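J.: Sequence and predicted structure are below.
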Amino acid sequence: MISRFFQRKPKVAAPQAPAVSAGTVVWAIGDIHGRMDLLKPLMDAIEVDAAASSAGRKVVIFLGDYIDRGPDSRAVLRHLAELPTDGDIEWRFLKGNHEDAMLNFLEDGSTGPRWCEYGGDATLRSYGLRVPDMRHKPEAWAHVAADLRHRLTARERTFLEDLEMSAVVGDYFFAHAGARPGLPLTQQDPQDLMWIRRTFLESDVDFECVVVHGHTPTVEVYADRRRIGIDTKAYSSGRLSALRIEGAERAIIQTVPRPEGDHDPAAVVAAAVDRRALSSVP
């Protein structure tokens, strides 16, 4: 009877750090927003890193928002749509709320005013189009939508229509905006995966995986035990971020402005690529 009170308590194992399986390396790229000048050096750095890696599986996941706000949405879409599918790198492309809005506009021109409120006008300009003078006329927007459908290449349109809602690699779940707390990650609503914000960000509820997302910009990459946010507002900050995961190790790779802080698009062509560790969090 007495011995029962003095038995050793079983040791509770410390929680393991989230990881991807051995032989796998993942790069996740945040919101690009038409900044081809930042995407090119970042992808060059990732491809050099991938070529030097002995990993058997190399995955690059784009978190969406390829278009709008920045100056060259068309070049970004064309570049991503033409990436080879037969190389060593597995390319994964997720759907952001801006791609959702563009696809809605292509089907229904009347959504144009709303789309242009958050950057669709920049995408139109990149395709040689502009907001109609009679912007209150639905028929004017219908003409612009028809012109945009005509100017999109078949490959660009297929790229937009085939975007994935989420991806899972190891202990990480990748989605554009985040996920709704309290629901299994396998049961998330696509609208939440593209658009959710405060409900996800302000919750303290854990998910089955660490959620890697963009959508909500921060000055620096944000990480806690339940989520990693890598949207660093590239279209205005000149800082495009990627998360690198191998095993339990995490690092940030960024295209950053020149040291003097010149954010002028012409100057960022010579942007530096910075890589540093992302500290583990409990």
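T.: Thanks, I have it. On a predicted model such as this, the values are computed, not experimentally measured, just so you know.

J.: low-confidence ranges in the stretch 1-150 of the chain?
T.: The stretch 1-150 of the chain contains residues with pLDDT under 70 at 1-15, 134-135.

J.: which residue ranges form the strands in it?
T.: Taking DSSP state E, counting those that start in this stretch, the strands of the stretch 1-150 of the chain run over residues 24-29, 57-62, 89-93.

J.: Turn the ones you listed into JSON lines, including distance to Arg69 and mean neighbour count.
T.: C-betas here are computed from N, CA, C, even on glycine. Conversion of the strands of the stretch 1-150 of the chain to JSON lines gives the following (distance: least, C-beta to C-beta, whole Å; neighbours: other C-beta atoms under 10 Å):
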{"stretch": "strand 24-29", "distance to Arg69": "16", "mean neighbour count": "24"}
{"stretch": "strand 57-62", "distance to Arg69": "16", "mean neighbour count": "22"}
{"stretch": "strand 89-93", "distance to Arg69": "19", "mean neighbour count": "17"}
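
J.: Would you mind putting those strands into a markdown table with distance to Leu185 alongside?
T.: Conversion of these to a markdown table gives the following (distance: least, C-beta to C-beta, whole Å):
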| stretch | distance to Leu185 |
| --- | --- |
| strand 24-29 | 16 |
| strand 57-62 | 15 |
| strand 89-93 | 16 |
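
J.: Return the distance of stretch 196-213 from the chain's centre.
T.: When C-alpha coordinates are averaged (C-alpha atoms, centre = their mean, to the nearest Å), stretch 196-213 and its chain have centres 15 Å apart.

J.: buried ones in that stretch?
T.: Neighbour-count burial for stretch 196-213, with 16 or more other C-beta atoms under 10 Å as criterion, is recorded at Ile196, Phe200, Ser203, Phe207, Cys209, Val210, Val211, Val212, His213.

J.: what sits against the fifth one?
T.: Read that as Cys209. Remark: with contacts taken as C-beta atoms under 8 Å, 6 or more residues apart in numbering, Cys209 is in contact with Pro18, Val168, Asp171, Tyr172, Phe173, Leu185.

J.: which among the residues you listed end up buried?
T.: Pro18, Asp171, Tyr172, Phe173, Leu185.

J.: Ramachandran coordinates for the third one?
T.: The main-chain torsion angles of Tyr172 are listed as degrees, to the nearest 10 and equal phi -120, psi 140.

J.: Begin at 3 from now on, thanks
T.: Yes, from this point I'll number from 3; that puts the last item at Tyr174.

J.: list the contacts for it?
T.: Residues in contact with Tyr174, defined by C-beta under 8 Å, 6+ apart, are Pro20, Val22, Val28, Cys211, Val212, Val213, Val214, Ile247.

J.: Pick the one among those residues closest to Ile230.
T.: Proximity of the contacts of Tyr174 to Ile230 was ranked by C-beta to C-beta; the top entry is Val214 with 4.9 Å.

J.: pLDDT averaged over the helix or strand the closest one falls within - what is it?
T.: When secondary structure is defined using DSSP states H and E, the element that contains Val214 is strand 212-215. Averaging pLDDT along strand 212-215 gives 98.

J.: Give me the contact list for that strand.
T.: Counting by C-beta under 8 Å, 6+ apart, the neighbours of strand 212-215 from elsewhere in the structure are 20, 30, 63, 65, 173-181, 187, 202, 227-233, 245.

J.: neighbouring strands for that strand, and are they parallel or not?
T.: Applying DSSP bridges to the sheet, strand 212-215 is found paired with strand 174-177 (parallel), strand 229-231 (parallel).

J.: Dump those to JSON lines, plus mean pLDDT and distance to Glu141.
T.: Putting these into JSON lines (pLDDT from 0 to 100; distance: least, C-beta to C-beta, whole Å) gives the following:
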{"stretch": "strand 174-177", "mean pLDDT": "98", "distance to Glu141": "37"}
{"stretch": "strand 229-231", "mean pLDDT": "97", "distance to Glu141": "41"}
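
J.: most packed of these?
T.: Most buried of these by mean neighbour count (mean count of other C-beta atoms under 10 Å) is strand 174-177; its value is a mean of 25.
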